[in-house]
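from the sequence below, what's the structure:
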Amino acid sequence: CFNGHGFVNQALALGAIAAITRHTRGTAALPRIEVADTLVAYQTLGRWWRQRLGLPVVAITGSVGKTTTKELISAALRFHGTVHQTRANFNNEIGVPKTLLELLPGHDYAVVEMGMRSPGEIALLTQIAQPNVAVITNVGTAHIGRLGSEQAIADAKCELLANLAADGTAVLNHDNPRLMETAARVWSGKTITYGLTGGDIQGEFQGQTVAVDNLVLPLPLEGRHNALNYLSAIATLQALALDWHPLTDGLTVDMPAGRSKRYELDHDIVLLDETYNAGVESMTAALHLLKNQPGKRHIAVLGTMKELGHKSLELHQAIGKTVKILGIDQLFILAEPAEAAAMVAGANTVPSQSFQSHAQLIQYLEQFIKPGDRLLFKASRSVAMDQVLKPLLNR
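Reported below is the predicted structural model:
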């Protein structure tokens, strides 16, 4: 953990003209403003700058799909103006004010991702960003080890609505019942819903496209789950009274590393890179995406899903069952022994093998992969599954 006070002299050397600090000791050459809490001051500055610019702000939260949805909404808004969006994963109590302070007078829209690990965090971020549109992608099991239950997670996500201005608009995933039920208890304002089974913006997933209001829109990202995320972008444009019909010309989205990346190698080998993070819902969606890839063998290379608490073994076993139900041909696991065993038990008759190190798994895969194979790589970030994927890209 860094203390910013230790970098004041470095900031001075780089051209800083003043510093906000908890004390006035240090370099006399740099004017300082002393405050009781520098983080609160930073957040206050972010809120002030957002108010001063007065542009529409879209806030996004949810158990899974936040970053993908952020990228899709940002790309859609670029048909109508200049967009500034959360960079990388700067989505916490430091990242949100950072995003706001990066705004320039030339920006027309801001798209702000909001993450959380504990109750109360989304409420704080909403009070800082003061969004006009609040998008909640879904409620699932991410961080259930910290919050205890899916309902507690739903309550935490819906802090975005509880702190939304009365004239704001909620954009909600109709296909997520717990989200819809929880949202109704805290928000009675304008709402636009989207979904594949219903909603104000209802789409029909058609593989490479999604049909909405008799219009067929090409999907920039593969998978049913990404069709749902795409619908949230349409709903957001509608919430801002913007025309979404230009999307029929297609949308280009450049996803960060480890998220929805597809690598086509020689000998008709395809690697699906989902290594950035993993929860039950996102891993299930990724397995469906793998199975839908035309090819010979479908191989899942999966790692631990973190922060599942007392439900960890149950949910890892559920992923194994999904592997079996989908008919995945081979399962390779890089996980703690208990979670690996649970996944193997769920997969049952699917050929499965566990590994204790990245090097062992890489060595085995280099010999195992054959022409025509389709492989999915997915795990929580701390597993560093990308270290397994990268050497294989040079085959």
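
drop to CA atoms for contacts and neighbour counts, all remaining ones
Fine.

tell me how the protein divides into domains.
Domain assignment for the chain, taken from automatic domain parsing, gives 4-34, 39-249, 261-392.

save those domains as JSON lines, and put in mean neighbour count too.
Putting the domains of the chain into JSON lines (neighbours: other C-alpha atoms under 10 Å) gives the following:
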{"stretch": "domain 4-34", "mean neighbour count": "13"}
{"stretch": "domain 39-249", "mean neighbour count": "20"}
{"stretch": "domain 261-392", "mean neighbour count": "19"}
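
just checking, residue 221 touches residue 261?
No - taking contacts as C-alpha atoms under 8 Å, residue 221 lies outside contact range of residue 261: 9.0 Å.

give the residues shared as contacts by these two.
The overlap between the contact sets of residue 221 and residue 261 (C-alpha atoms under 8 Å, 6 or more residues apart in numbering) is empty.

could you pull out the helices in the stretch 51-200 of the chain for me?
66-77, 95-101, 121-129, 144-147, 150-157, 159-162, 177-186 (DSSP state H, counting those that start in this stretch).

closest to residue 248 out of those helices?
helix 66-77 (10.9 Å; C-alpha to C-alpha).

gap between that closest one and the chain center?
Helix 66-77 has its C-alpha centroid displaced from the chain centroid by 10 Å (C-alpha atoms, centre = their mean, to the nearest Å).

from the contact counts, what lies against it?
strand 57-61, strand 83-85, strand 109-113, helix 224-239 (3 or more C-alpha pairs under 8 Å, 6 or more residues apart in numbering; DSSP states H and E).

what angle sits between that helix and strand 57-61?
Interaxial angle, helix 66-77 versus strand 57-61 (axes from the mean of the first three to the mean of the last three C-alpha atoms, to 10 degrees): 150 degrees.

just for the stretch 251-395 of the chain, where's the confidence low?
Along the stretch 251-395 of the chain, segments meeting pLDDT under 70 span 258.

can you give me the strands for it?
Ranges of strands in the stretch 251-395 of the chain, per DSSP state E, counting those that start in this stretch, are 261-265, 269-274, 298-303, 330-334, 352-355, 374-378.

now the third one and strand 269-274, what's the angle there?
For the pair strand 298-303 and strand 269-274, the angle between their directions (the same axes, to 10 degrees) equals 30 degrees.

run through who's touching strand 298-303.
287, 290-291, 328-335, 373-380, 383, 385.

mind redoing it with 6 Å?
If you take C-alpha atoms under 6 Å, 6 or more residues apart in numbering as the criterion, strand 298-303 is touched by 328-335, 374-379.

nearest to residue 346 among the residues you listed?
Nearest to residue 346 among the contacts of strand 298-303: residue 331, at 11.1 Å, using C-alpha to C-alpha.

what's the closest of the helices and strands packed on helix 66-77 to residue 279?
helix 224-239 (13.6 Å).

now do the closest one, average pLDDT.
When pLDDT is averaged along helix 224-239, the result is 97.

same check, this time on stretch 13-29
The average pLDDT within stretch 13-29 is 80.

and what of stretch 163-182?
Throughout stretch 163-182, pLDDT has a mean value of 98.

give me the residues contacting that stretch.
Applying C-alpha under 6 Å, 6+ apart, the contact partners of stretch 163-182 are 132-137, 139, 190-195, 199.

try it again with 8 Å
For stretch 163-182, contacts defined as C-alpha under 8 Å, 6+ apart pick out 123, 126-127, 130-139, 151, 154-155, 158, 161, 189-199, 232, 235-236, 239.

quick one on the thing from earlier: of the strands of the stretch 251-395 of the chain, which is nearest residue 33?
For residue 33, the closest of the strands of the stretch 251-395 of the chain is strand 269-274, at 44.2 Å, according to C-alpha to C-alpha.

so what does the closest one touch, helix or strand wise?
strand 261-265, strand 374-378.

dump the ones you listed to CSV, plus distance to residue 301.
CSV is the format used below for the helices and strands packed on strand 269-274 (distance: least, C-alpha to C-alpha, whole Å):
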stretch, distance to residue 301
strand 261-265, 15
strand 374-378, 5
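
compare those and give me the one nearest residue 8.
Among those, strand 261-265 comes nearest to residue 8, with 39.0 Å by C-alpha to C-alpha.
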